[in-house]
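K.L.:
Below are the sequence and a predicted model for it; my questions follow.
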Amino acid sequence: MVSLVLGICAFGLFFVYDVNSFTHKNRFLHRFFGIGMAMLLVSAGLDVFYAVKNGAFSGICDTVLILLGILNLGVLIYCLFFALPFEKTYVLLDEHKVYDRGAYALCRHPGILFFFGTYLFLGLAALPEKMLLNGMIFSFLNFLYACFQDRVTFMKTFSDYGQYRKRVPFLIPNIKSTKRALKTLLNSDSKEDDQ
């Protein structure tokens, strides 16, 4: 129950962080993203701890599911913290341009897919513990959060987000966006214009 409450509160902090990013731009509230991330990590840690304590993660199938979960987690971390210019994304509060290369040429919110994958695979390995249920609740909240970002936050904080929305799919990559993502990953030195 504690892990569920922590996760739900984390998404509340993410929402406050986003609203602050286009309203007051208060430096203290800007810390809520990091605090929310810490709460989400503690929540996941508690779920894993209780699953291990109760004998989960013990079979060969569990090992495969754990590896798939870790792979998804690695890609999620890459999408959130390494695929984006960190300073402009998480530190500066001024209006800035969309980063539309690599994973962010593939779809506008690639992290959602890998967040869901992380909880899905680790949650299946942890059964009958509640990690899967918590993860599906958090994935739904993450989807709602991304919808809010897509419709409100990013339209107010990125001057070119409207054009980005027209050329890059919301969540499910298509052939055109996949080609653009591969092209930008392979040609990382030059900025292309795919509009």
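P.N.:
Nice, I can see it.
K.L.:
rest of the way, CA atoms for contacts and neighbours
P.N.:
Will do.
K.L.:
after the lowest-mean-pLDDT helix or strand in the chain comes which helix or strand?
P.N.:
Counting by mean pLDDT, DSSP states H and E, the weakest-scoring helix or strand in the chain turns out to be helix 86, with a mean of 62. The helix or strand immediately downstream of helix 86 is helix 103-106, counting by DSSP states H and E.
K.L.:
What sits closest to L141 if chain neighbours are left out?
P.N.:
Excluding the flanking residues, the one nearest L141 by CA to CA, 6 or more residues apart in numbering is F11, at 6.9 Å.
K.L.:
for L132, that is, sorry about that
P.N.:
G123 is the one closest to L132 (CA to CA, 6+ apart), at 3.8 Å.
K.L.:
And S177, by the same measure?
P.N.:
In space, S177 is closest to L106, 4.8 Å off (CA to CA, 6+ apart).
K.L.:
Can you pull the poorly scored residue ranges out of the protein?
P.N.:
86-95, 188-195 (pLDDT under 70).
K.L.:
about what we covered before: what's near enough to touch the residue nearest to S177?
P.N.:
By CA atoms under 8 Å, 6 or more residues apart in numbering, the contact set of L106 is V168, P169, P173, N174, S177, T178, R180, A181.
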